[in-house]
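**Q** model the following, please.
(chains A, B and C)
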Amino acid sequence: MSFWRIIFNSIRQHIGSSILAVVSIWLGVAMLIAVFSLREQTHKTFTEIGTGVDAVLGPKGSPLQIVLNAVYHIEEMPGKIKWSYMKEVEKNPIVVEAIPFCTGHSYAGYRVNAIDRRFLTDFEYLPGHKFSFDEKEGGKGRPFNAAKEAVAGWEVAKKLHIKLGQTFNPVCGIKSGDPIHMNDFIVFVGILAPTGTPHDRAIYFPLTTFYGLEGHGAATAKMANDEKNREISGAYLKLKRIRNGAMHPGVQDLKFNIDQSADAQLVVPREVLPRLFSIIGWVDYVFIAVSIMVLVLAGMFLFVALLSALRQRRRDMAIMRCLGATRKTVFGLVLSEALIICIIGGVLGLIFGHILVGIGAEQMKSETGIQFSAFYISSIDYLLLPSLFIIGMLTGLIPAIQAYRMGVLKNLLPVS
Amino acid sequence: MLLVKVNILSKDTNMIVEMKNIEMIYETWSEKTKVLDIPLFDVNEGEQIAVFGPSGSGKSTLLHIMSGLLQPTRGSVKVCGEFIQDMGEAQRDHFRSKNIGYIFQTFNLLQGYTAMENVLLGMTFSPGKSDHTIAKKLLEQVGLSEKIKRRPYQLSFGEQQRVSVARAIANRPKLILADEPTGSLDPHNSVEIIRILKEICKEYGCSLVIVSHNMDMVSQFERTVDFKKLNRILNTAEVHL
Amino acid sequence: MKKNIFIAALAVVVIVLSFLLLTSKQDSQQKCETEGKHKAYHEGSLNAITQCENGHFEIKILDDKLEGWFVGGGSDTNRSVRVKADKIALSVFLPDGSNKELFLTASPLNLAGEKKGDCSHFEGSADWLKEVKTFQAVGKIYFKDKWQPLIIQYPEGYDRD
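**A** Residues are numbered from 1 along each chain as shown, chains lettered A, B, ... in the order given. The predicted structure follows:
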C-alpha cells in the first residue's frame, strides 16, 4: 500500500471535515482569483481603451463623465460646445485632427452617436488599430456616405440580428420611454468588425443626419448648414506625438488654455482613469481582504480538523508505529494530508475562480462591451499554489509534530 | 535465593532471540519500580514457544523489549543476530518492520481499512512493494478469502484476529510475537487461531513467541516458559524445554 | 485548545486590520505631500502676489523668453486670473549687482477667450535671460481690483509666508 493510499484513507475517515476544509479553501481561492483577475483586467482594459483617444474636447462638467460617455458610451455628456470653438482648437499646432460627435440617441438600449465620417476611416480606437468592414475580420458593408445611413458595432449587430439594408428609428434620448423619431428611417449599410472595445456596442450615423431628425426643432435643423451656430457634444482630438510615440508635451498648455474658457474643457482619458480607479480602489481592497479572511479561516478550520482527527487516530498511528513506521513517517503522513487538502481546495478554487471570471466577463461584455477573458492569468495565479503550500505546511505542522511526539505503547489498547 | 534451571540446546542451533541480564525499571517522580529482572531468555530459530504467567506479571513488557518498542534499562537484546538495545528509535522501527510481526490481544486493526488493506499495511513500512497477491493468499490461508473487502467492524472477533495473523506474517518476518492472541476469543476460535498461527509459522519458517495466561492454549506448545520462574522479580523460576 | 483558537483568530484580525490601515496610511501620506506645497501647473516657479492665498504669478524661462501666467491663490494654480494690463514693467536685480529692465507684453490665450487688456498670459524676451540662473524682480500689477506689488524670485519662487 502506498503512502498516498494511507493519506487518502485518512482523509476518507474524516471525510466530513475534509470536505468542509476543501470547500472553504476552494471558496476563498476562487474569490481571490476572481477579484484579482477582474481587477487587473479592468485596470488594463480601461487604461488600454483610454489610450486610443488622445483627448476629448468637451463641455464644462465632470471630466470622468465626459470620458465615460465619449470613450465607453455610458453616462451622458454634461452639455454642448460650439463647432466654431472646435475649429479654433483644431488650428492649434499640436492638434492633428478633431473628429466631432453628437450623443444622446439610442436604439434598443444601445447608444446611437452622430459622428464625422472620419471616425470610421481615420480614427484609431487603439494605437495602430482602425475600424474595419472586412468580412474576413467579421465586418460587413461599408462606412456611411449619405445622410440616412448608419453603421452598427459588432456586438449590437449580433445581439439585434442586424442585417445590411435593415432600417431603424432612433430614440431621442437614452432612457426607456423617450420619444422615437418615427418618421426617420435610417438604413444599416455597414457592420464594424469586432474591436473588443465599447465601440462594438454603439451605432453611428452622420453628424448632419443628427441635426435634421424630425422633432429637433428649427434651430437645431439650421445647424446642419450653419457652422457659426452649430453645437456638438464633443470632439475626439488626435494630437501630435514625439519620439517613441509619447504625446506632445504641449498638451498640458493646450489643456490649460482650453480649461480657462467659459464653456469647454480638454480631457485626457489616461489622466482621468487612474483617478477613477483610486476612487473605487477601496472596493477592491475590501474584496481582497474578505477573500484573505476566508482563506485564513479555512486554514484555521483545517488546523482544528486535523488536530481533532489526530486525537481520534492516535491508536491508528500507534499501530502503524508498531508495524514499523518511524516518527518521521507519521509526521510526513499528517503534514502531507494537510498539504493535499490545501492543494485540492486550491486547484478547485483556481478552476472555479476562472469560471466565475468567465461568467462575470459575459455579463460585463453585455453591459459595457468590454471584453474580459476567463483565461487571463493574474498576478495571484502565480502566487496561489506556493501560498497554499505554505498554508498547508503551517496548518499541518502542529498536528504533525504531535503525531511525531506521540508515544506508541500508551496509545495502544490494554495489554496483558 | 533465585534458582533458574536452564537446559541449553545444542550449540549448532541458531538463536533468533538472545536476551541477557534484562532489567526494566519504570521511573516516576516519586519512585522507581523494577518490573523485569531476567538473566537469560532465548529462542531458537524456527522454535514456537509459549510464555505463561499471571496477568500483569510483565509478559507484554518482555515482548515489547524483544520487538524494540521498549528499551530495557539494562541488559542486551539480540534479535535476528542484531543487538537492538543500542539502536536508535528509527533504526528499531525499520528493524521491526523487516523482521518482526506482532499480534495483539485486541487485534489492533485499523478500522477505516479493509481486511486486505490491513494486511497490506503490514508490508507498507518494510522495504519492497506491497504485494496484493501475497496479501490475498494469506487471507485465503487464514480462511477469509470471501471477506477481503470487509472492514473490521464487519468481521467477528475470530475473523479480526485472523486478519491480524495475516498482517503479522505479511512482510515475511523471522519472528512473530503474539501477546495474548486468544484473550478476546471464545474457546473454539482460540483453538483455531493457535492452529492457524502454528501452521503459518511453520510454513514460512518464522519463530513464534506467544505470551498468555491461558494454560489450555499454552499446553499446545512443545516448549513453554514459566514467566514466574523467568522473571526474578516474581519468584524462583524453572524453565521447561 | 479554545485558548489557541482565540489567539489564532485575534492574530487574523490584527493582520487584516494592519493591512487596511497601512493602505489608508499610504493614501493619506500622499495627500499630505501634495497639500504641503502648491504645484505650478506649467512647472515654472510660483510667486505669490502679496500672499499665497491671494494669487500667484507663475514664470517659466526658455532660452531668451520668459512666459508668465497670473493664476489663482492657494491650490488654484490651474485657474487663470485675468488682469487689465497690456504691459508689465519689471525691475530686475541680477546676482552680479547689475539691474535690468524687462517688459512683459500681454499674450492672450485665444482659446480661453482672452484679449489684450483682459488676459492672464504675458511674455517677454531678453538676451540676458539665456544665461541667467537666478534673479529677483519687482513690479506692480492691477490684480483683483487693486494695485499690488509683483515680486519675483527666480527660480525658487516668492512666498512671504
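**Q** can you list the domains in the chain?
**A** You didn't pick a chain, so chain A it is. Under automatic domain parsing, the residue ranges defining each domain of chain A are A:3-45+A:283-411, A:55-267.
**Q** correction: the question concerned chain C.
**A** Split by automatic domain parsing, chain C gives C:1-36, C:45-154.
**Q** for the ones you listed, which one ends up most surrounded?
**A** domain C:45-154 (a mean of 17; mean count of other CB atoms under 10 Å in any protein chain shown). From N, CA and C alone the C-beta is placed, and that goes for glycine too.
**Q** can you tell me the distance between the two ends of that one?
**A** This stretch, domain C:45-154, spans 7 Å end to end (CA to CA, to the nearest Å).
**Q** of all the domains of chain A, which one is nearest chain B?
**A** Closest approach to chain B among these is made by domain A:3-45+A:283-411 (2.2 Å; CB to the nearest CB).
**Q** just to revisit the earlier point, can I get the domains of chain C in CSV with distance to B:Gln154 and mean pLDDT?
**A** Converted to CSV, those look like this (distance: least, CB to CB, whole Å; pLDDT from 0 to 100):
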stretch, distance to B:Gln154, mean pLDDT
domain C:1-36, 34, 56
domain C:45-154, 82, 93
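**Q** C:Leu66: which of the domains of chain A is closest?
**A** domain A:55-267 (15.3 Å; CB to CB).
**Q** tell me if that closest one is near chain C.
**A** Yes - Domain A:55-267 lies within reach of chain C by CB under 8 Å from any CB of the partner chain, at A:85, A:88-89, A:92, A:252-254, A:256-262.
**Q** which residues touch the closest residue to chain A within chain C?
**A** Per CB to the nearest CB, C:Ala112 is where chain C lies closest to chain A, at 3.5 Å. By CB atoms under 8 Å, 6 or more residues apart in numbering or on different chains, C:Ala112 lies in contact with A:257-261, C:80, C:120.
**Q** please apply the same query to B:Gln154.
**A** B:Lys147.
**Q** can you check A:Val347 too?
**A** A:Leu385.
**Q** just to revisit the earlier point, and the two most separated of the residues of domain A:55-267 next to chain C?
**A** A:Gln252 and A:Ala262 (20.3 Å).
**Q** these two: which is more packed in?
**A** Neighbours were tallied for A:Gln252 and for A:Ala262 using other CB atoms under 10 Å in any protein chain shown; the higher tally belongs to A:Gln252 (16 against 7).
**Q** confirm that that one sits in a helix.
**A** Yes - applying DSSP: H, G, I helix; E, B strand; the rest coil, one finds A:Gln252 inside a helix.
**Q** before we move on, back to that, ok, which of the domains of chain C comes nearest A:Val53?
**A** So among those, domain C:45-154 is nearest, using CB to CB, at 19.5 Å.
**Q** in chain B, which residue sits nearest chain C?
**A** For chain B, CB to the nearest CB, closest residue to chain C: B:Gly112, 23.9 Å.
**Q** CA atoms of stretch B:86-93 as CSV?
**A** Written as CSV, here are the backbone C-alpha positions of stretch B:86-93 (Å, rounded to 0.1, in the frame of the first residue of the first chain):
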residue,chain,number,x,y,z
ASP,B,86,21.7,0.2,21.3
MET,B,87,19.8,1.1,18.1
GLY,B,88,18.2,4.5,17.6
GLU,B,89,14.4,4.6,17.6
ALA,B,90,14.1,5.0,13.9
GLN,B,91,16.5,2.1,13.4
ARG,B,92,14.5,-0.1,15.7
ASP,B,93,11.3,0.8,13.7
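**Q** please compute how far that stretch lies from its chain's middle.
**A** 18 Å (CA atoms, centre = their mean, to the nearest Å).
**Q** for it, buried residues please.
**A** Buried residues in stretch B:86-93, counted by 16 or more other CB atoms under 10 Å in any protein chain shown: B:87, B:92-93.
**Q** among the residues of domain A:55-267 next to chain C, the buried ones, what's the ChimeraX command?
**A** Of those, the buried ones go into a single ChimeraX selection, burial set by 16+ other CB under 10 Å:
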select /A:85,88,89,92,252,253,254,256,257,258,259,260,261
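**Q** shaky segments in the stretch 301-416 of chain A?
**A** Across the stretch 301-416 of chain A, the ranges flagged by pLDDT under 70 are A:368-369, A:413-416.
**Q** what's the burial count for the residue in it positioned nearest to chain C?
**A** As assessed by CB to the nearest CB, chain C sits closest to A:Val304 within the stretch 301-416 of chain A, at 6.8 Å. By other CB under 10 Å, the residues close to A:Val304 number 18.
**Q** need the phi and psi values for the nearest residue to the residue of chain C closest to chain A once chain neighbours are set aside.
**A** Of all residues not flanking C:Ala112 in the chain, A:Gln260 sits nearest, at 3.5 Å (CB to CB, 6 or more residues apart in numbering or on different chains). Backbone torsions for A:Gln260, taken as degrees, to the nearest 10, come to phi -80, psi -10.
**Q** equivalent analysis for the one 4 residues further on, please.
**A** A:Ala264 adopts backbone torsions of phi -140, psi 170, taken as degrees, to the nearest 10.
**Q** for C:Lys84, what are its contacts?
**A** C:Lys84 touches C:117-118, C:142, counting by CB under 8 Å, 6+ apart.
**Q** sort out for me which of the residues you listed are in strands.
**A** C:Tyr142 (DSSP state E).
**Q** read off the pLDDT value for the most centrally placed residue in chain B.
**A** Residue closest to the mean C-alpha point of chain B, counted by CA atoms, centre = their mean, is B:Leu177 at 0.9 Å. At B:Leu177, the model reports a pLDDT of 94.
**Q** okay, now A:Leu273: neighbour count?
**A** Count around A:Leu273 with other CB under 10 Å applied: 20.
**Q** output the contacting helices and strands for the helix or strand where it lies.
**A** Assigned by DSSP states H and E, A:Leu273 falls within helix A:269-312. If you count contacts as 3 or more CB pairs under 8 Å, 6 or more residues apart in numbering or on different chains; DSSP states H and E, helix A:269-312 packs onto helix A:15-50, helix A:63-72, helix A:327-368, helix A:379-405, helix C:2-36.
**Q** chain B: which of the contacts of C:Lys84 is nearest?
**A** C:Asp118 (92.1 Å).
**Q** what kind of secondary structure is A:Tyr236 in?
**A** A:Tyr236 - assigned by three-state DSSP - is strand.
**Q** quick check: it vs A:His73, distance?
**A** Taking CB to CB, to the nearest Å as the measure, A:Tyr236 falls 13 Å from A:His73.
**Q** wait, doesn't B:Leu144 sit right on B:Val163?
**A** Yes - assessed by CB atoms under 8 Å, B:Leu144 is found in contact with B:Val163 at 6.6 Å.
**Q** got a list of contacts for the top strand by length along chain C?
**A** The single longest strand within chain C, with elements called by DSSP E, is strand C:51-62. Contacts with strand C:51-62, where a contact means CB under 8 Å, 6+ apart, come from C:38, C:40-49, C:66-74, C:77, C:81, C:129, C:132, C:141, C:143-144, C:148, C:150, C:152, C:154, C:159-161.
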